[in-house]
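In: sequence-free structure coming up:
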């Protein structure tokens, strides 16, 4: 069973930059794993921020960007806003099944 | 605009079958290349992919849950469903349905989620 690992928590100052990462127990994350990042705020359903590594939705703020970085998938927030405080989840595809990371709780302080 | 809405019992007894429906509105469940997906979230925990069904009827299941799962589509009612047999307290969760777009593999639409508690 594939295990996907994220930082449990990160703290960033308003206006700062932070990178969340997501690693796989099976090896380097590639575009073939269709890396996806979600944001979830309390009491709300998750919403997709980026998919297939770098693609964004119309609702994804420009300050969010997805990438592949050193064998992992990463989500970078540049110019963090207070409303970015949330839980962030990555998701990876392996041969017909999808595996979520445990989530990163991002605190803006 | 396509919307998804989960529905089903909020309380299920242990050992029984959990049954949920996700109703698709604003579009046909048969059109386009989509995987209709179920995801759950245990209270205070992370997300877990349960499984999905393609328009063609092909299903994919979480290997750790596969033996207890059935996902199906009813095109006449424009909804898809989830059945989980032999439930335990570990199946207590918020259950979400979502649409996965091919070939981009984009989970573009989510339902609001429905809480299911397994308890006697």
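Out: All right, it came through fine. Nothing here was measured: the structure is a model prediction, and the numbers come from that model.
In: can you list the buried residues in the helix or strand hosting residue A:93?
Out: If you go by DSSP states H and E, residue A:93 is part of strand A:86-94. Burial within strand A:86-94, assessed by neighbour count using 16 or more other CB atoms under 10 Å in any protein chain shown, is assigned to A:86, A:87, A:88, A:89, A:90, A:91, A:92, A:93. C-betas here are computed from N, CA, C, even on glycine.
In: among the residues you listed, which are in reach of chain B?
Out: By CB under 8 Å from any CB of the partner chain, the members of those lying near chain B are A:89, A:91, A:93.
In: burial count for residue B:82?
Out: Look at residue B:82: counted by other CB atoms under 10 Å in any protein chain shown, it has 24 neighbours.
In: ok, residue 103 - contacts?
Out: If you meant another chain, say so; for now it's chain A. Counting by CB atoms under 8 Å, 6 or more residues apart in numbering or on different chains, residue A:103 makes contact with A:6, A:8, A:40, A:87, A:88, A:89, B:46, B:47.
In: right idea, wrong chain: chain B
Out: residue B:33.
In: tell me where chain B has strands.
Out: B:3-7, B:11-12, B:18-25, B:34-41, B:47-54, B:59-61, B:69-74, B:79-84, B:93-101, B:106-110, B:114-118 (DSSP state E).
In: so which of these is the most packed in?
Out: strand B:34-41 (a mean of 24; mean count of other CB atoms under 10 Å in any protein chain shown).
In: how about the residue nearest in space to the middle of chain B, nearest residue that isn't a chain neighbour?
Out: Nearest residue to the geometric centre of chain B (CA atoms, centre = their mean): residue B:38, 2.9 Å. Nearest non-adjacent residue to residue B:38, counting by CB to CB, 6 or more residues apart in numbering or on different chains: residue B:50, 4.1 Å away.
In: list the contacts of the one you found.
Out: Contact analysis of residue B:50 by CB under 8 Å, 6+ apart lists B:37, B:38, B:39, B:40, B:61, B:62, B:65, B:69, B:71, B:82, B:95.
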